[in-house]
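S.K.: Give the three-dimensional model of this entry:
(chains A and B)
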Amino acid sequence: MSSVSFHHVEKSFGATKVIHGISFDIADGEFMVLVGPSGCGKSTLLRMLAGLEDITSGTIAIDGRVVNDVDSKDRDIAMVFQSYALYPHMSVRENMGFRLRLRRADRREIDTRVARAAQILKLEPYLDRFPRELSGGQRQRVAMGRAIVRDPKVFLFDEPLSNLDAKLRVQMRSEIKALHQRLKTTTVYVTHDQIEAMTMADRIVVMHDGRVEQIGRPLDLYDRPNNLFVAQFIGSPAMNVVSGTVRRHNGSAWLEADGVRWPMGEVPGAEGQPVVFGVRPEHLDLARTDGDHVAGDVIVVEPTGAETELLVQVGASQVTLVTSGRPRVRPGERIALAVEPGMGHVFDRESGQRLVD
Amino acid sequence: MSTIALPKVEPLDPIRPKRRGLSPWQVWGVALLAPYILVFAVFVVYPVAYGFWLARDPQSYVRLFDDPVFAGAVVNTLVFLIIGINVKMLVALFLSGFFVNTRPWIKWLSILFILPWAVPSIPTILSVRFMLNPEWGLVNQVIFRLTAADGPNWLNDRWLALTMAILVHVWKSLPFWTMILIAGRLTIPPELYEAASVDGASKWQKFRFVTWPSLATLYLTSTILSMIWTLGDFNSVYLLTGGGPADLTHVLATLGIRYLRLDQVDLAMATIVVAMPFVLPLMYFMMKRLSK
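M.R.: So this is what the prediction gives:
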């Protein structure tokens, strides 16, 4: 187990800079998820940590030792690839024991460690099969088995669940998490799926265009996104955002947007300031018409059983509302929406940064 | 009184009449197959059968086996196939590893490299022959300039001349087999090499555990196919040495032509029939592999 630290790390491919000076630390035993849209540089960052890409400038250290010029094989890491990258001509047993075999480990030791990993991952019945004879989920487990047999300092996962169907993905998600809780090995996990990030991570690094947008615990990112990008990337359905101008009068504040008056409650922003107002779908409520509210027309009603999702036209914008239960509303109906007090987010319209209260 | 005309009903024939001739489906089948069968008969069956017919006399084989040139040609053919082809395929395997690199200058180099295969045989092999001329050939002139000594008489010694013929063959067909093996290497997912890097494999171990297992089948199939083709390779030997010196560098492919020029058609055909034991096992092996 070990810590990992990135210090002003940059990466260029030819004249194109893809990572712009990234710095952060991962604590010993932490499960860190790098998340962001495709092309944000998260996989490149992971591959630099793995030693599969050169580091253009800055340093990466594992356990306090700078590994910039250390060969991949001497970094004491294990990596799980999106395509699993199992050696097709080796059985599951040989795949899992390959690293130890290359290290000329004692045959009995290899057998013991492979058996232990197989037991943890419930792979015992498949040890003598070849990768082509396994299902996607089993291959995924073998890839993880190959990683844990080695007892490395750091586990690296590069979008490991992307090739699985939705149901299996949820199952493997909890298996990986359970595995981490059992082994407590420092883990760096790359995904583009914010749900994976939210459900698995101790902390999340949100990346965008080769820069870190925000680092924090999942619920902190959810509750207090630093900027519009994080606000809209984290959470599903995405946060509603409305562009407008702050108005303050007699101690109450509201957002004026295309003639619609959004009650903002206790939020920052000076009178006349152009801002973007954000509110998560579950923080919008169907209101009685006597309180502070905005009126809107229902466009689509999507019941999912436990919850109902409504798409509502308010002025020029469309907003999503998620409510528990099954409200009796129909498309075309006019309803009143209320923002839960204290649950609005305000961002500067120019910079996209969160306005501090 | 009016009668209602009932539609006349034909009684159903309980026994179907035997169909005469072919159904339209079968007619089309035959019509579409006919041109192929015709071409096959005229250009394959007839010549092969005629060849066998020409080579039918057992006496031809007695005379063939008595000819010392024949024994030499068999040895030369075996050397050509077993040493020549394997050296070629090994070099192709090595070069394919070099040419899969994506650096721009390697791309340009690969275009140059493919040239020997793309240009016609006759002028290129004849120009090699001129270069190897002991007196005024380029090679010996360079040797003389550098060492002030006379170079060897390249095409006047059996093994030297045969080696040169093999080298010409390798030089000419190496690009093709290198391309085949490059194609094979490109199907190996790059993540396998990355996984092997993380697992701590050296360059040799990556070849041993990732490249070779994926490439072995293709490599073996290519080797056999190359042997089959090389059995019929007439150019490399004929254009370079003409079978000389003193008919010592003939292979079975050139020997047949030699007999033809001596008006010994039956011996020429017998030579080809004798080559069958070389080809058939290779063909059999090849078909088995391909039908797997």
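
S.K.: so where is chain B shaky, pLDDT-wise?
M.R.: Chain B contains residues with pLDDT under 70 at B:1-20, B:292.

S.K.: Next, count neighbours for residue 263.
M.R.: No chain specified, so I'll use chain A. 17 (other C-beta atoms under 10 Å in any protein chain shown). Any C-beta I mention is one placed from the backbone N, CA and C, and that applies to glycine too.

S.K.: you looked at the wrong chain, it should be chain B
M.R.: Neighbourhood size, B:D263 [other C-beta under 10 Å]: 8.

S.K.: and the gap between it and chain A?
M.R.: B:D263 sits 56 Å away from chain A, going by C-beta to the nearest C-beta, to the nearest Å.

S.K.: which SS class is that residue?
M.R.: Using DSSP: H, G, I helix; E, B strand; the rest coil, the structure places B:D263 in coil.

S.K.: Same question for A:V322.
M.R.: Applying three-state DSSP: A:V322 is strand.

S.K.: hang on, it packs against A:E309?
M.R.: Yes - between A:V322 and A:E309 there is a contact at 5.2 Å, judged by C-beta atoms under 8 Å.

S.K.: got the buried residues for the longest helix belonging to chain A?
M.R.: With secondary structure taken from DSSP state H, chain A has its longest helix at helix A:166-183. By neighbour count on 16 or more other C-beta atoms under 10 Å in any protein chain shown, the buried set for helix A:166-183 is A:168-169, A:172-173, A:175-177, A:179-180, A:183.

S.K.: Identify the contacts common to A:V322 and A:E309.
M.R.: Common contacts of A:V322 and A:E309, defined by C-beta atoms under 8 Å, 6 or more residues apart in numbering or on different chains, comprise A:237, A:281.

S.K.: got any ranges where chain A has weak pLDDT?
M.R.: A:1, A:288-291, A:357.

S.K.: If we use 50, what do you get?
M.R.: Chain A contains no residues with pLDDT under 50.

S.K.: Around chain A, which positions in the stretch 151-292 of chain B sit nearby?
M.R.: B:189, B:191-192, B:194-201, B:205, B:209-210, B:213-214 (C-beta under 8 Å from any C-beta of the partner chain).

S.K.: Just the buried residues from those residues, in PyMOL please.
M.R.: What follows is the PyMOL syntax selecting those of those that are buried according to 16+ other C-beta under 10 Å:
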select buried, chain B and resi 191+192+194+195+196+197+198+199+200+201+209+210+214
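
S.K.: can you tell me which helix in chain B is longest?
M.R.: The longest helix of chain B (DSSP H) is helix B:158-186.

S.K.: That helix: what's the following helix or strand?
M.R.: Next along the chain after helix B:158-186, taking DSSP states H and E as the criterion, comes helix B:190-199.

S.K.: Packing partners of that next one?
M.R.: Helices and strands touching helix B:190-199, by 3 or more C-beta pairs under 8 Å, 6 or more residues apart in numbering or on different chains; DSSP states H and E, are strand A:77-80, helix A:92-102, helix B:203-206.

S.K.: Out of those, which gets nearest to A:I110?
M.R.: Closest to A:I110 of those, according to C-beta to C-beta: helix A:92-102, at 4.4 Å.

S.K.: Now do that closest one: distance to the chain's middle.
M.R.: Computed by C-alpha atoms, centre = their mean, to the nearest Å, the chain-centroid distance of helix A:92-102 equals 31 Å.

S.K.: which other residues reach it?
M.R.: A:78, A:86-87, A:90, A:109-111, A:113-114, A:117-118, A:123, A:126-131, A:134, A:142, A:145-146, A:149-150, B:199-201, B:205, B:209.

S.K.: and if you look at stretch A:170-183?
M.R.: Applying C-beta under 8 Å, 6+ apart, the external contacts of stretch A:170-183 come out as A:31, A:120-121, A:137, A:140-141, A:144, A:148, A:155, A:157, A:160-161, A:164, A:187, A:189, A:196, A:199-200.

S.K.: Just the buried ones from those residues?
M.R.: A:31, A:120-121, A:137, A:140-141, A:144, A:148, A:155, A:157, A:160-161, A:164, A:187, A:189, A:196, A:200.

S.K.: Could you count how many residues lie near B:P104?
M.R.: 7.

S.K.: go on, the one 10 residues further on?
M.R.: If you count neighbours by other C-beta under 10 Å, B:I114 ends up with 16.

S.K.: Not counting sequence-adjacent ones, nearest residue to it?
M.R.: Of all residues not flanking B:I114 in the chain, B:P175 sits nearest, at 4.6 Å (C-beta to C-beta, 6 or more residues apart in numbering or on different chains).

S.K.: what's the one you found in contact with, if anything?
M.R.: Per C-beta under 8 Å, 6+ apart, neighbours of B:P175: B:113-118.

S.K.: rerun at 6 Å
M.R.: Residues near B:P175 by C-beta atoms under 6 Å, 6 or more residues apart in numbering or on different chains: B:113-114, B:117.

S.K.: For the stretch 51-200 of chain B, which residue gets nearest to chain A?
M.R.: Chain A sits closest to B:G200 of the stretch 51-200 of chain B, with a gap of 3.4 Å, by C-beta to the nearest C-beta.

S.K.: looking at it, that residue is touching A:K73, isn't it?
M.R.: Yes - B:G200 is within contact range of A:K73, at 3.4 Å (criterion: C-beta atoms under 6 Å).

S.K.: And the strands in the stretch 201-350 of chain A?
M.R.: For the stretch 201-350 of chain A, the strands defined by DSSP state E, counting those that start in this stretch occupy A:203-208, A:211-216, A:240-249, A:252-257, A:260-263, A:274-279, A:284-286, A:294-303, A:307-314, A:317-324, A:334-339, A:344-348.

S.K.: Would you reformat those as JSON lines and include distance to A:G41?
M.R.: Formatted as JSON lines, the entries for the strands of the stretch 201-350 of chain A read as follows, by distance: least, C-beta to C-beta, whole Å:
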{"stretch": "strand A:203-208", "distance to A:G41": "6"}
{"stretch": "strand A:211-216", "distance to A:G41": "8"}
{"stretch": "strand A:240-249", "distance to A:G41": "25"}
{"stretch": "strand A:252-257", "distance to A:G41": "34"}
{"stretch": "strand A:260-263", "distance to A:G41": "35"}
{"stretch": "strand A:274-279", "distance to A:G41": "25"}
{"stretch": "strand A:284-286", "distance to A:G41": "34"}
{"stretch": "strand A:294-303", "distance to A:G41": "34"}
{"stretch": "strand A:307-314", "distance to A:G41": "32"}
{"stretch": "strand A:317-324", "distance to A:G41": "29"}
{"stretch": "strand A:334-339", "distance to A:G41": "35"}
{"stretch": "strand A:344-348", "distance to A:G41": "23"}
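
S.K.: Which of those strands sits closest to chain B?
M.R.: strand A:203-208 (21.2 Å).

S.K.: how far is the closest one from where the chain is centred?
M.R.: 7 Å.

S.K.: just stretch A:67-79 next, same as before
M.R.: Distance, centroid of stretch A:67-79 to centroid of chain: 25 Å (C-alpha atoms, centre = their mean).

S.K.: list the buried ones in it?
M.R.: Across stretch A:67-79, burial judged by 16+ other C-beta under 10 Å covers A:67, A:72-73, A:75-79.

S.K.: Of the residues you listed, which is the nearest to chain B?
M.R.: A:K73 (3.4 Å).

S.K.: list the contacts for B:T178?
M.R.: Counting by C-beta under 6 Å, 6+ apart, B:T178 touches B:92, B:95-96.

S.K.: Could you chop the chain up by domain?
M.R.: In the absence of a named chain, this looks at chain A. Following automatic domain parsing, chain A resolves into domains at A:4-229, A:240-348.

S.K.: not what I meant, chain B
M.R.: Here the domain parsing of chain B from automatic domain parsing is B:26-56, B:68-290.

S.K.: What separation do you get for B:F207 and B:A201?
M.R.: Per C-beta to C-beta, to the nearest Å, B:F207 is found 9 Å from B:A201.

S.K.: how about whichever strand or helix holds B:V142: buried residues?
M.R.: In this structure, B:V142 is located in helix B:138-147 according to DSSP H and E. For helix B:138-147, burial by neighbour count (16+ other C-beta under 10 Å) applies to B:139-140.
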